[in-house]
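Trainee: Here you go, sequence then predicted model.
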Amino acid sequence: HLTVRDGVILKGTYEAPPTNGPGNRTHQDVDMKGTVLMAYAGKNDPEGEPFIRLSGNNAGVQGLIIYYPDWLQETVPPIPYSPCIFGTGGNNQSVVNCNLLNPYVGIKFHSSHRMHISGVQGYPIKTGISIDECYDICRIENIHFWPYNVNYNAENPYCKWINQNGTAFEFGRTDWQYCTNTFCFGYNAGYRFVDLGHGGCNGSFLCIGADSCVNAVSVEQIQRMGLAITNGEFVGRWSSTDSCTVDVKPKADGKVSLVNCTFWGPIDTCIRSAAPRGVLSVTGCNFVSWNINGDDSPAISLREGKAVVSENTFAANTLHVDVQKNVKTAVITGNLADNDFAVNNAIGRKANIRGNMPEPFVPSPANLVNYTLDFQGDAEASMIRGFEGAESRFGGMRWSHADSAVTLPVLPDTEYTLSMYLHVPKYAVTETSGIYCGDNCIIRLDKEQVKTLSGKVKTGKGQKTLTLDIRVKGWVPMENEKNSTDPRELGVGVMQIKMESKKGAPFFNFNREK
């Protein structure tokens with residue numbers, strides 16, 4: 001154990017953030033030069049004395065690589081250690097230009113006002129940086145937590161353990177916190193705001209990023225002054241289906257403001273806000289992908305509290321914003337989507353929804369006599385459930401899953417000829433594979449083919465929509481096709497749907513709206 005006291009800097013050779021070598025290197029061939037400290041202290045004693053304690057004003061650490069030689073990627077769960085660096089009981093303590101290669105807990109600061117962390121890299125296991133009881137303005141900048149020294153695979157037991165249990169940045173009670181130019185990869189929570197026993201955080205978070213995290217930002221408790229998050233980049237956990245990149249939980253009483261942030265990757269819901277006394281503001285953000293399960297998950301799920309959603313851009317998808325019944329009020333204005341901007345509003349006049357484009361297209365009865373719908377990533381997006389994104393094959397196609405659905409507008413009490421241009425792989429075919437309306441199989445999918453297939457369907461009195469269920473055998477390309485690396489579970493490809501109720505009448509094209 002080392003203690004760094006008042007006015008002392010434990011200083012190594014590095015004057016810029018060091019790394020241990022190129023690429024993902026295993027523990028057997030770590031290439032480290034310069035000042036390297038091998039840490040053995042604190043093994044199996046997570047609450048014990050830290051490897052390095054900063055004690056007193058202006059104590060700091062600079063220019064070091066710190067490495068735990070007993071670490072093995074094969075050891076899961078990882079062996080717990082006491083914190084690598086712990087600062088307390090002093091002002092203006094610092095950690096600068098260090099690589100914390102594989103500590104269980106990287107840096108903890110408690111009761112250390114105006115502390116400063118800059119230029120730190122590495123891959124802490126359970127917690128990267130934890131801040132609590134820091135009542136004067138603290139600064140964190142230029143941090144990069146990434147799987148150095150790890151043979152990374154999202155489903156590797158060690159990597160998955162961190163994805164399920166690790167937190168890169170943990171903020172308890174810290175006032176006027178500044179956090180700038182920080183990045184993390186492969187954690188359960190990228191940025192976690194929580195009450196560790198002394199209250200929550202407020203502060204400014206500028207140019208922050210979290211890749212392959214279940215929750216890029218998890219807001220459990222904050223101060224009323226809230227969080228100002230600007231220029232964030234947030235990606236769901238690789239190979240997951242349940243990632244929510246910004247999750248505002250019920251006890252978060254302050255305001256969460258997101259400005260000019262981007263969301264992409266394997267995401268279920270981009271933002272979920274469930275704080276009854278909280279306020280969510282989302283302005284100028286870009287929503288690229290969500291609804292990975294194809295079950296109509298929204299980009300933004302408003303469950304409680306108040307919200308402003310303004311001047312954002314959205315990719316084509318089935319539902320952009322969901323306003324649930326317990327939301328007090330919502331303002332949703334000036335947003336732009338690649339398909340009809342879709343809002344589910346369960347609070348009526350308490351929501352101000354206007355100026356969003358494109359406005360949903362409402363077909364006239366004449367449009368529904370005969371019409372076509374091409375699966376090109378635009379008009380069909382609001383009518384489908386359980387489909388992959390649009391592809392360019394066959395002039396435009398979407399893969400279904402094993403159980404997907406299309407809900408079409410129809411005329412009541414009308415018989416249609418349903419025609420579907422389909423790509424049916426042999427892997428999707430079973431005795432019961434087909435296009436169903438309820439329990440009635442309209443089109444049988446009994447062999448491999450790329451073809452337009454047809455069947456008859458009759459709508460009922462007063463019926464305005466018709467739901468077609470695609471029921472096939474799910475298949476995974478990488479398990480069935482040589483040289484494929486595609487891990488998705490797919491069904492059949494849908495290129496076009498044609499509905500015809502009157503022979504010789506013109507066809508309306510939903511994609512061109514004419």
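Mentor: Received the coordinates, thanks.

Trainee: CA atoms for contacts and neighbours, from now on please.
Mentor: OK.

Trainee: So what touches stretch 120-130?
Mentor: Residues outside stretch 120-130 that contact it (Cα atoms under 8 Å, 6 or more residues apart in numbering): 17-19, 78, 95-109, 142-148, 162, 165-172.

Trainee: Report the buried members of those residues.
Mentor: 17-19, 78, 95-109, 142-148, 162, 166-172 (16 or more other Cα atoms under 10 Å).

Trainee: just to revisit the earlier point, what about the contacts of stretch 120-130, which are in helices?
Mentor: 162, 165 (DSSP state H).

Trainee: Where do the helices of this structure begin and end?
Mentor: Under DSSP H, the chain gives helices at 157-165, 477-480.

Trainee: Include mean pLDDT when you put the ones you listed into TSV, please.
Mentor: TSV is the format used below for those (pLDDT from 0 to 100):
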stretch	mean pLDDT
helix 157-165	97
helix 477-480	94
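
Trainee: Need the winner for burial among those helices.
Mentor: Each of the helices of the chain was given a mean neighbour count from mean count of other Cα atoms under 10 Å, and the largest, a mean of 20, is that of helix 157-165.

Trainee: count of neighbours near Gly209?
Mentor: For Gly209, the count of nearby residues is 23 (other Cα atoms under 10 Å).

Trainee: same question, Tyr178
Mentor: Neighbour tally, Tyr178, other Cα under 10 Å: 18.

Trainee: contacting residues for it?
Mentor: 137-140, 203-205.

Trainee: mind listing what's buried in stretch 385-400?
Mentor: Under 16+ other Cα under 10 Å, the buried positions of stretch 385-400 are 385-391, 396-400.

Trainee: circling back to that earlier point, could you dump the helices of the chain into a markdown table and include distance to Tyr187?
Mentor: Below are these laid out as a markdown table (distance: least, Cα to Cα, whole Å):
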| stretch | distance to Tyr187 |
| --- | --- |
| helix 157-165 | 4 |
| helix 477-480 | 27 |
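
Trainee: nearest to Arg354, of these?
Mentor: Minimum separation from Arg354 across the helices of the chain (Cα to Cα) falls at helix 157-165, 39.4 Å.

Trainee: Keeping just the C-alphas, turn that closest one into PDB.
Mentor: C-alpha atoms of helix 157-165 as PDB (Å, rounded to 0.1, in the frame of the first residue of the first chain):
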ATOM      1  CA  PRO A 157     -18.000 -14.900 -19.800                       C
ATOM      2  CA  TYR A 158     -15.600 -12.200 -18.500                       C
ATOM      3  CA  CYS A 159     -16.800  -9.600 -20.900                       C
ATOM      4  CA  LYS A 160     -20.400 -10.500 -20.300                       C
ATOM      5  CA  TRP A 161     -19.800 -10.200 -16.500                       C
ATOM      6  CA  ILE A 162     -18.700  -6.600 -16.900                       C
ATOM      7  CA  ASN A 163     -21.600  -5.900 -19.200                       C
ATOM      8  CA  GLN A 164     -24.000  -7.200 -16.600                       C
ATOM      9  CA  ASN A 165     -22.300  -5.800 -13.400                       C
END
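
Trainee: what's in contact with it?
Mentor: Against helix 157-165 from outside (Cα under 8 Å, 6+ apart): 73-78, 125-126, 152-154, 186-189, 213-214, 237.

Trainee: For ChimeraX, write a command that selects the buried ones of these.
Mentor: Buried subset of those, written as a ChimeraX selection, criterion 16+ other Cα under 10 Å:
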select :73,78,125,126,152,154,186,187,188,189,213,214,237
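
Trainee: what's the burial count for Leu206?
Mentor: That count, for Leu206 with other Cα under 10 Å as the rule, works out to 18.

Trainee: wait, what's in contact with it?
Mentor: 179-181, 228-232.

Trainee: Check the spacing between it and Ile140 real quick.
Mentor: Here Leu206 is placed at a distance of 11 Å from Ile140 (Cα to Cα, to the nearest Å).

Trainee: Find me the pLDDT at the closest residue to Ile292 other than its chain neighbours, would you?
Mentor: Distances taken as Cα to Cα, 6 or more residues apart in numbering put Asp268 closest to Ile292, at 5.3 Å, once the chain neighbours are dropped. In this model, Asp268 is scored at 96, pLDDT.

Trainee: Kindly report the same for the one 4 residues further on.
Mentor: pLDDT, Arg272: 99.

Trainee: Touching stretch 488-495 from outside, list them.
Mentor: So stretch 488-495 is contacted by 374-376, 394-403, 420-425, 428, 472-477 (Cα under 8 Å, 6+ apart).
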